[in-house]
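In: Give me the fold of what follows.
(one chain, ligands or ions: 1)
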Amino acid sequence: MQGLNASYLEIEPYELVCFLLKEGGQYGRDAVNPFELLDYLKLDYLAFDFDTALPPEVNPQSGHPRALLSFSDRLVAVDENLAPPKARFSALHEIAHYVLPTHQHSIYLCDRQGMSHRTRLTFEKTANDFAADMLFKGGMFSIDVAAMGISVKTITTLAAKYQASFEATARRLADRSLQPVMLAVFKNTAGAAQVSADASPAWGVRYCIGSPAFKSRFFTQVTGTAPSEVAAELTSSYRDINDSITRTITIDTSSGQPQQFTTEFFYNQYNIFSLLTPKNT
Ligand SMILES: [Zn+2]
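Out: Sure, this is the predicted structure:
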């Protein structure tokens, strides 16, 4: 008789997330503490200026390195110049490289591009997904969203609770919601048009993320610009991010049927965001 098949012992990343959260004592607190997890895994931690003090044997291939893992030294290091939410995510990203069984036992030097939600590198994407699952405590975040409802207030409240960035929290809400919702993020695309003194800034879609229920029923992305009167009202003077503007808009779905959506627009001083939810369904 042969021994156990290797695939029989494979462990899914999400099972590892739940195991680490539980064994690392993280379910009893709101925000995950990466230091406790590093301690549990017996990994050392360093923070230093990556621009000036990267070890000579680590040669960045691209710009803006943020964090590294040296498997043999059992060491995680994070750039000391990162804002706290990014530093926390970066430490969790390196923990992912350390614990994921398919990742190599070597040195990882991870940069801004690799840690972007739009990275095309598979090993970086799996580390990002793992880090986000840790940051938002597995299924706990979705339970909070279901209880609080879909709104900018929910995003700001949960960003504070999980000590995550506002944008990462907004993405998580749209990506993991069981309800139909789409997050659309707009950036100021005035560019050349701004040369004209009379042109008003245009806020074009930077990216959008729909929940599975939204994408299967309506469409997978929107294009175009935010309504100019809404953009002007949000950006003309300082406005609290929770002070949103709600509109009803009609968009043709993938099947060609017009559908009304309730759309909550809000502004974080960099981007305009909107949350689309179907009306009357
Ligand atoms: Zn990485």
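In: Could you name the helices and strands sitting against the host helix or strand of Leu46?
Out: Assessed by DSSP states H and E, Leu46 sits inside strand 44-48. Secondary-structure packing of strand 44-48 (3 or more CB pairs under 8 Å, 6 or more residues apart in numbering; DSSP states H and E): helix 34-40, strand 75-79. In short, each C-beta sits where N, CA and C put it, glycine included.
In: Please work out the average pLDDT along it.
Out: Strand 44-48 carries an average pLDDT of 95.
In: i'd like the first residue to be 55 from this point on
Out: Got it, the first residue is 55 from now on, which makes the last one we talked about strand 98-102.
In: which other residues reach that strand?
Out: Strand 98-102 is contacted from outside by Phe89, Leu92, Asp127, Arg128, Leu129, Val130, Ala131, Val132, Asp133, Glu134, Ala141, Ala145, using CB atoms under 8 Å, 6 or more residues apart in numbering.
In: Would you mind writing the ChimeraX command to select the buried ones in the residues you listed?
Out: Selecting only the buried entries of the contacts of strand 98-102 in ChimeraX, with 16 or more other CB atoms under 10 Å as the criterion:
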select :92,129,130,131,132,133,141,145
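In: Work out for me the element whichever residue of the stretch 205-335 of the chain sits closest to the ion sits within.
Out: When scored by CB to the ion, the stretch 205-335 of the chain has Ala222 as its residue closest to the ion, at 16.0 Å. Per DSSP H and E: Ala222 is located in helix 220-230.
In: swap in Leu123?
Out: strand 119-124.
In: May I have the strands that pair with that strand, each with its orientation?
Out: Applying DSSP bridges, strand 119-124 is found paired with strand 129-133 (antiparallel), strand 161-165 (antiparallel).
In: Looking at those, spot the one closest to Thr210.
Out: strand 129-133 (25.1 Å; CB to CB).
In: near the ion, anything from that closest one?
Out: No - Strand 129-133 does not reach the ion (CB under 5 Å from the ion); its nearest approach is 11.1 Å.
In: Contacts for that strand, please.
Out: For strand 129-133, the external contacting residues (CB under 8 Å, 6+ apart) are 92, 97-105, 119-124, 141, 144-145, 148-149, 152.
In: so who does the residue nearest in space to the middle of the chain touch?
Out: Centre of the chain computed as the mean C-alpha position; nearest residue by CA atoms, centre = their mean is Ala222, 3.2 Å away. Counting by CB under 8 Å, 6+ apart, Ala222 makes contact with Pro139, Phe143, His171, Ala186, Leu189, Ala213.
In: next one: phi and psi at Leu70?
Out: When read as degrees, to the nearest 10, the backbone of Leu70 gives phi -70, psi -40.
In: Quick one: residues contacting it.
Out: Applying CB under 8 Å, 6+ apart, the residues near Leu70 are Val153, Leu154, Phe184.
In: The last one: which element?
Out: For Phe184, the enclosing helix or strand under DSSP H and E is helix 176-189.
In: Now that helix - C-alpha only, PDB.
Out: What follows is helix 176-189, C-alpha atoms only, in PDB (Å, rounded to 0.1, in the frame of the first residue of the first chain):
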ATOM      1  CA  THR A 176       0.600  35.600  -9.200                       C
ATOM      2  CA  PHE A 177       2.800  35.100  -6.100                       C
ATOM      3  CA  GLU A 178       2.300  38.800  -5.100                       C
ATOM      4  CA  LYS A 179      -1.500  38.500  -5.700                       C
ATOM      5  CA  THR A 180      -1.700  35.400  -3.500                       C
ATOM      6  CA  ALA A 181       0.300  37.200  -0.800                       C
ATOM      7  CA  ASN A 182      -2.000  40.300  -1.100                       C
ATOM      8  CA  ASP A 183      -5.100  38.200  -0.900                       C
ATOM      9  CA  PHE A 184      -3.800  36.400   2.200                       C
ATOM     10  CA  ALA A 185      -2.800  39.700   3.800                       C
ATOM     11  CA  ALA A 186      -6.200  41.200   3.200                       C
ATOM     12  CA  ASP A 187      -7.900  38.100   4.600                       C
ATOM     13  CA  MET A 188      -5.800  38.500   7.700                       C
ATOM     14  CA  LEU A 189      -6.400  42.300   7.900                       C
END
